[in-house]
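Chemist: need the 3D shape of this:
(4 chains)
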2 protein chains.
Amino acid sequence: MKEDLYEAMGRLGLRRTVSRMLILGILAEKDTHLSVLRLHQMVTASHPMVNLSTVYRNVAAMTEHGVLHSVEHTGQALFGLAATPHHHLICERCGRLDEVPADELSQAAALLLTAHGFEIEPAGQLLRGRCRRCRHAANGAR
Amino acid sequence: MKEDLYEAMGRLGLRRTVSRMLILGILAEKDTHLSVLRLHQMVTASHPMVNLSTVYRNVAAMTEHGVLHSVEHTGQALFGLAATPHHHLICERCGRLDEVPADELSQAAALLLTAHGFEIEPAGQLLRGRCRRCRHAANGAR
DNA sequence: TTTCGTGCAAATGGTTTGCAGTGGC
DNA sequence: GCCACTGCAAACCATTTGCACGAAA
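Modeler: Residues are numbered from 1 along each chain as shown, chains lettered A, B, ... in the order given. The predicted structure is shown next:
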């Protein structure tokens, strides 16, 4: 998987720099979406000289080339590998981010297209709500 | 409808100030969602002394009390009347924002709940994609 | 008259950019 | 060696906040 990404970078004309490899490694290992700040913190843990703006430019470039994708939560962008087409479920209470395969929402997408002429992005949508754990935790407090 | 809002404000303990009435009037008339900056521009057209931060605080207070609701697009918040429960369809190309009654997506919501234990917000979701016009306009260019 | 709301100006915080130097290819 | 990439520092821009005054209730 990391090999795929490594290849992809070259194929897309993106240079394989230290900082980019670190970012991909982190995202592949953690298998989540992270903010630029958190990515930078994790990168600098081993490579302190890497600048924050470099991380910004890296994720921008890789997002532009489809290697990464991003969603926005509370005014900041979260980046993850764009591997398989999926949407995002973010818990408004704990911030947990889950993924749901894109085709699970294809029926809803079809409905919107026929009823409204609107074609939603086939992946990368952000849906806000409550995760299972927080729903249970809030049962009494509601 | 504006009378309802007027009443609601009092009931909720929100003072009916000039700036708030102007904001509600604009949103009711235009029947769309507007950015704070645009709201401020329209308010100051007739009342130049109203400060931008007042508009910020107004929409914040009214959103908090359920009179308004907001969605975020390209790093800025758009506010609209929270009248009927609906979701949002925003065109990534032209920025046009359409509304879709909340119950049209209830099936998808049920699916997410059973399959992922995740309960999405029953209204106010933002779905990104292409509106009918832009789909047609882009037919040749894709 | 008691809060709540407002104007003003300054601060905040995530993100972007200009520029000169560095390192992939 | 060329040009994309990087570090640094400053700029940006939507939004927030502290404070003293003004106005709904």
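
Chemist: how about the backbone phi and psi for the residue nearest to residue A:93 when sequence neighbours are not counted?
Modeler: Spatially, and ignoring its direct neighbours in sequence, residue A:93 is nearest to residue A:134 (4.2 Å; C-beta to C-beta, 6 or more residues apart in numbering or on different chains). Every C-beta, even on glycine, is put in place using the N, C-alpha and C of the backbone. The phi and psi values for residue A:134, taken as degrees, to the nearest 10, are phi -70, psi -30.

Chemist: show me the domain layout of chain A.
Modeler: Following automatic domain parsing, chain A resolves into domains at A:2-81, A:86-140.

Chemist: distance to residue B:81 added to those, as a markdown table?
Modeler: A markdown table is the format used below for the domains of chain A (distance: least, C-beta to C-beta, whole Å):
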| stretch | distance to residue B:81 |
| --- | --- |
| domain A:2-81 | 23 |
| domain A:86-140 | 20 |
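
Chemist: of these, which is nearest DNA strand D?
Modeler: Set against DNA strand D and scored by C-beta to the nearest atom of the strand, the domains of chain A come closest in domain A:2-81, at 2.9 Å.

Chemist: let me have the domains of chain A in TSV, extended by mean pLDDT.
Modeler: TSV is the format used below for those (pLDDT from 0 to 100):
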stretch	mean pLDDT
domain A:2-81	94
domain A:86-140	93
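
Chemist: how about the ones you listed in CSV, adding mean neighbour count?
Modeler: As requested, the domains of chain A are exported to CSV (neighbours: other C-beta atoms under 10 Å in any protein chain shown):
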stretch, mean neighbour count
domain A:2-81, 16
domain A:86-140, 17
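
Chemist: around DNA strand D, pick out the residues from chain A.
Modeler: By C-beta under 7 Å from any atom of the strand, the residues of chain A that approach DNA strand D are A:14-15, A:17-20, A:49-51, A:53-54, A:57-58, A:61, A:75.

Chemist: select, out of the domains of chain A, the one closest to residue B:129.
Modeler: domain A:86-140 (3.8 Å; C-beta to C-beta).

Chemist: now the closest residue to residue A:78 other than its chain neighbours: how far from residue A:124?
Modeler: Distances taken as C-beta to C-beta, 6+ apart place residue A:33 nearest to residue A:78, at 4.0 Å, with adjacent residues excluded. Residue A:33 is 11 Å from residue A:124, where distance means C-beta to C-beta, to the nearest Å.

Chemist: give the residues shared as contacts by the two.
Modeler: Taking C-beta atoms under 8 Å, 6 or more residues apart in numbering or on different chains as the criterion, residue A:33 and residue A:124 both touch A:71, A:88.

Chemist: mind saving the C-alpha coords of the helix or strand that residue A:39 is a member of as CSV?
Modeler: Assigned by DSSP states H and E, residue A:39 belongs to helix A:36-46. Extracted as CSV, the C-alpha positions of helix A:36-46 are listed here (Å, rounded to 0.1, in the frame of the first residue of the first chain):
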residue,chain,number,x,y,z
VAL,A,36,-2.3,19.9,9.3
LEU,A,37,-1.1,20.9,12.8
ARG,A,38,-1.2,17.3,14.1
LEU,A,39,0.6,16.1,11.0
HIS,A,40,3.2,18.7,11.5
GLN,A,41,3.7,17.7,15.1
MET,A,42,4.1,14.1,14.2
VAL,A,43,6.5,14.9,11.4
THR,A,44,8.6,17.1,13.5
ALA,A,45,8.8,14.4,16.2
SER,A,46,11.4,12.7,14.0
